[in-house]
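In: build the 3D model from these lines:
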Amino acid sequence: HNMYKEFRDVTINGAVSQMYSEMAGRHRAHPNTIQIINTATLKAAECKREHILEMHDSKLKYPVIRKMPLVSKNLRTTFTAKRPTTFAR
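Out: Down below sits the predicted model:
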């Protein structure tokens with residue numbers, strides 16, 4: 001079967017590794033049965049897949065995760081009344 005796949009990665013080797021992982025997970029294909037015909041770096045206008053196109057938004061934001069300070073052992077509790085906030089406001 002022929003397939004067209006798009007992956008976001010820093011290198012082509014990383015994208016090929018993602019492709020092998022996806023084919024093994026979704027299609028149960030072994031690496032020795034996969035033949036890669038072509039690899040290419042695409043411009044934003046050349047992308048077709050929806051999960052790739054949604055990353056092209058210039059206003060895309062991710063939450064900033066802060067590490068919580070470690071509380072000393074005697075002040076820790078097993079159950080707390082509220083969840084900690086790990087994002088910046």
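In: from here on, contacts and neighbour counts on C-alpha atoms
Out: Fine.
In: report how many residues lie close to Gly6.
Out: Actually, residue 6 is Glu rather than Gly. 19 (other Cα atoms under 10 Å).
In: so it is in which element?
Out: Glu6 belongs to no helix or strand when assigned by DSSP states H and E.
In: any idea how far the residue nearest to it when sequence neighbours are not counted lies from Arg8?
Out: In space, and not counting its chain neighbours, Glu6 is closest to Arg49: 6.8 Å by Cα to Cα, 6 or more residues apart in numbering. With distances taken as Cα to Cα, to the nearest Å, Arg49 is found 11 Å from Arg8.
In: related to what we said a few turns ago, pLDDT score for the residue nearest to Glu6?
Out: pLDDT recorded at Arg49 is 94.
In: repeat that for Ala88.
Out: Note on Ala88: pLDDT of 64.
In: can you give me the helices in this structure?
Out: Taking DSSP state H to define them, one finds helices in the chain at 12-27, 50-53.
In: what comes up buried for the shortest one?
Out: By neighbour count on 16 or more other Cα atoms under 10 Å, the buried set for helix 50-53 is empty.
In: list the contacts of the lowest-mean-pLDDT helix or strand in the chain.
Out: Least confident element among the helices and strands of the chain, by mean pLDDT, DSSP states H and E: helix 50-53 (a mean of 92). Residues outside helix 50-53 that contact it (Cα atoms under 8 Å, 6 or more residues apart in numbering): 6-8, 44, 47.
In: looking at those, which is nearest Arg66?
Out: Nearest to Arg66 out of the contacts of helix 50-53 is Arg8 (Cα to Cα; 25.8 Å).
In: what is the burial count for that closest one?
Out: Neighbours of Arg8 (other Cα under 10 Å): 14.
In: report the backbone C-alpha coordinates of the least confident helix or strand of the chain in CSV.
Out: In CSV, the C-alpha atoms belonging to helix 50-53 read as follows (Å, rounded to 0.1, in the frame of the first residue of the first chain):
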residue,chain,number,x,y,z
GLU,A,50,-4.5,19.0,9.1
HIS,A,51,-2.4,18.1,12.2
ILE,A,52,0.5,19.8,10.5
LEU,A,53,-1.4,22.9,9.3
